[in-house]
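In: Model the following, please.
(one chain, ligands or ions: 2)
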Amino acid sequence: MIILGIETSCDETAVAIVQKGRQILANCICSQMDLHKAYGGVVPELASRRHIHCLFPLLQQALTDADLDLQQIDAIAATYTPGLMGALLTGICSAKSLAFALDKPFIGVHHIEAHLYSSWMSNPQRSIEETLPALGLVISGGHTLLCHIPKLGVYNILSHTLDDAIGEAFDKVAVMLGFTYPGGPQIEQLSKQGDCQKYRFKAGMSKKHPWHFSLSGLKTQVLYALWGQDMATLESTKNPLAIPIQVRADIAASFQRAVLEDLISKTEHFIEQTQAKSLWVGGGVSANEALRARFEQLNILTLWPFKALSVDNAAMIAGLGYHQYKQCGPSSLYLTAIPRSPLSSWGLSN
Ligand code: KG4
Ligand code: ZN
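Out: Ligands and ions are numbered 1, 2, ... in the order given. You can find the predicted model right below:
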């Protein structure tokens, strides 16, 4: 079965073609990073317009890469939740229109479930039986969460963020350090030349929910550390780049260490509690090499997505769409975009 996947939930327009859930025949992405850089974050209206502009040329490109024509596609999958309303609508409406015109099934896919699936998709030597039950870790721009996966399509949420998502925290700290959006990769780069023990930063802990994540206080610690350096320079230049590079590198490295320590301790706790056979990691922050190296020290089989599948992509949408179709059949053409979906609504169903 060959599935065409469309992803437009945020600032990447992506179209992919995947056979039997894992074999990627085409994976085309058009990033909007340059468009949003000047604003320090994604501008929803601009994102939707750019998706409309890029979608059909990308579809054409994907078909050419896969050496297929539209009639050879068996079903069309698209992200329907979560994401920016206008951006989601461009993808889901295009997918439904294609499905209707071609008389093929339409499959609405949950973006965060697809991030988790991308890790299993990237390890074709692993069978599903070998890896389940698993612990799932989503670390993206919009989510930080841990869940128990007893079988594909069932996700029991164990822990989630109470404030900022991990990628969001990386991006906000990056702005404080003088970088542009998205800042995660730049913090990773700068951390390499910094002393990660220089500042005793620590992620937050809620007394009521000790296993949930809280990063907003950590952001404030970074801000105070920056102010503590040279308030006069900061105030006169309004430019964090005026702070010596070594100081900014030490702050970046200490921030990254604090985030990793927090992630590791919570992940270890739930590995023990759930007796999971493997750890599935998904989301843009999983591209971070320091994080990968630290997690490799855990005593569990860890499945990482290929770098190209760490960030938003359509291969994971087409891949998970295949399993969803096999388990639950097509989605209704009445399914519409849902910008925020409650964690309780997770799971493969139509
Ligand atoms: O999963 P994703 O592509 O989009 C969402 O669904 O949110 O994640 C994007 C996030 C951004 O916050 C970006 O800064 C972060 O992933 N990111 C990283 C790295 N690469 C991307 N964070 C830390 N280190 C990286 N190497
Ligand atoms: Zn994403």
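
In: quick one: low-confidence ranges for the stretch 101-250 of the chain?
Out: Scanning the stretch 101-250 of the chain with the threshold set as pLDDT under 70 gives 229-238.

In: Give me every residue in it lying close to ligand 2.
Out: residue 140 (Cβ under 5 Å from the ion). In this view, the C-beta of every residue, glycine as well, is placed from N, C-alpha and C.

In: Without its sequence neighbours, what residue ends up closest to the residue of the stretch 101-250 of the chain found nearest ligand 1?
Out: Closest residue of the stretch 101-250 of the chain to ligand 1, Cβ to the nearest ligand atom: residue 184 (2.2 Å). Of all residues not flanking residue 184 in the chain, residue 170 sits nearest, at 4.0 Å (Cβ to Cβ, 6 or more residues apart in numbering).

In: Would you confirm that the one you found contacts residue 179?
Out: No - using Cβ atoms under 8 Å, residue 170 is not in contact with residue 179; the gap is 9.9 Å.

In: Pull up the overlap in contacts between those two.
Out: Taking Cβ atoms under 8 Å, 6 or more residues apart in numbering as the criterion, residue 170 and residue 179 both touch residue 187.

In: thinking again about what came up before, OK, contacts around the residue nearest to residue 184?
Out: 182, 183, 184, 187, 259, 285.

In: what sits against the fourth one?
Out: When you say that, I think you mean residue 187. With Cβ under 8 Å, 6+ apart, residue 187 has these contacts: 170, 173, 174, 177, 179, 252, 255, 256.

In: How much space separates the most centrally placed residue in the chain from residue 26?
Out: Nearest to the mean C-alpha position of the chain, counting by Cα atoms, centre = their mean, stands residue 283 at 2.7 Å. Using Cβ to Cβ, to the nearest Å, one gets 23 Å for the distance from residue 283 to residue 26.

In: likewise residue 84?
Out: To residue 26, residue 84 is 25 Å away according to Cβ to Cβ.

In: Next up, the contacts around residue 59.
Out: Counting by Cβ under 8 Å, 6+ apart, residue 59 makes contact with 4, 6, 15.

In: so where does residue 168 fall, helix or strand?
Out: helix 166-176 (DSSP states H and E).

In: Around residue 220, how many other residues sit close by?
Out: Residue 220 has 10 neighbours, counted by other Cβ atoms under 10 Å.

In: starting at the chain centroid, how far to the helix or strand encompassing it?
Out: Using DSSP H and E, residue 220 sits in helix 216-229. Offset of helix 216-229 from its chain centre (Cα atoms, centre = their mean, to the nearest Å): 26 Å.

In: Could you tell me the angle between that helix and helix 166-176?
Out: Here helix 216-229 runs at an angle of 10 degrees relative to helix 166-176 (axes from the mean of the first three to the mean of the last three Cα atoms, to 10 degrees).

In: got the buried residues for helix 216-229?
Out: 218, 219, 221, 222, 225, 226, 229 (16 or more other Cβ atoms under 10 Å).

In: circling back to that earlier point, and the residue nearest to residue 184, how far from residue 113?
Out: From residue 170 to residue 113 the distance is 22 Å (Cβ to Cβ).
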